[in-house]
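**Q** Need a 3D model of the following:
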Amino acid sequence: MRQAKRRSCVFTVSFPADLARQVDEIAKEESRNISELFREAFRTYRTERVRRRLQADLEYARTRNPQHYREGDVEQLVDEVRDEAYRKRGRK
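**A** Purely as a prediction, here's the structure:
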């Protein structure tokens, strides 16, 4: 008989006594076990981390468009560049 693979991992973490007390209190207040509390804390952390990265990317992207082009300007700009390239090729 094959044994099923474990679907979770066990982590051991240490906390200062005061923080550990707070963890226990919150778990009791919310009628949850500590594993549930930390799973939610990690999901929240991960979501916030992604949000911070996206915000940083957005701020960087804003520096890459000093002329403040809009999405609708792209097709016109491409046409202008192509027309100019076509005219240059015609002169050679």
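**Q** Tell me how many other residues surround Arg32.
**A** Neighbourhood size, Arg32 [other Cβ atoms under 10 Å]: 14. Where you see a C-beta, it was placed from the backbone N, CA and C, and this is true even at glycine.
**Q** so what does whatever helix or strand Leu58 lives in touch, helix or strand wise?
**A** Per DSSP states H and E: Leu58 is located in helix 34-63. Applying 3 or more Cβ pairs under 8 Å, 6 or more residues apart in numbering; DSSP states H and E, one finds that helix 34-63 contacts helix 17-29.
**Q** what distance separates the helix it packs on from the centre of its chain?
**A** 29 Å (Cα atoms, centre = their mean, to the nearest Å).
**Q** Likewise for stretch 25-37?
**A** 27 Å.
**Q** Would you mind listing the buried residues in it?
**A** Buried residues in stretch 25-37, counted by 16 or more other Cβ atoms under 10 Å: Ala27.
**Q** That one: end-to-end distance?
**A** Using Cα to Cα, to the nearest Å, the span of stretch 25-37 from its first residue to its last is 11 Å.
**Q** returning to what we had before: following the helix holding Leu58, which helix or strand comes up?
**A** Next along the chain from helix 34-63, counting by DSSP H and E, comes helix 73-91.
**Q** avg pLDDT for that following helix?
**A** For helix 73-91, mean pLDDT is 88.
**Q** what's in contact with that helix?
**A** Tyr69 (Cβ atoms under 8 Å, 6 or more residues apart in numbering).
**Q** Pull the distance from that helix to the chain's centre.
**A** That offset, for helix 73-91, works out to 37 Å (Cα atoms, centre = their mean).
**Q** residues in contact with Lys28?
**A** Contacts of Lys28 by Cβ under 8 Å, 6+ apart: none found.
**Q** Start the count at 556 instead of 1 going forward.
**A** With the count now opening at 556, the last piece we talked about shows up as Lys583.
**Q** Give me the distance between it and Arg594.
**A** 17 Å (Cβ to Cβ, to the nearest Å).
**Q** per-residue confidence for Arg557?
**A** 69.
**Q** ah, wrong one, I meant Thr618
**A** Thr618 is given a pLDDT of 89.
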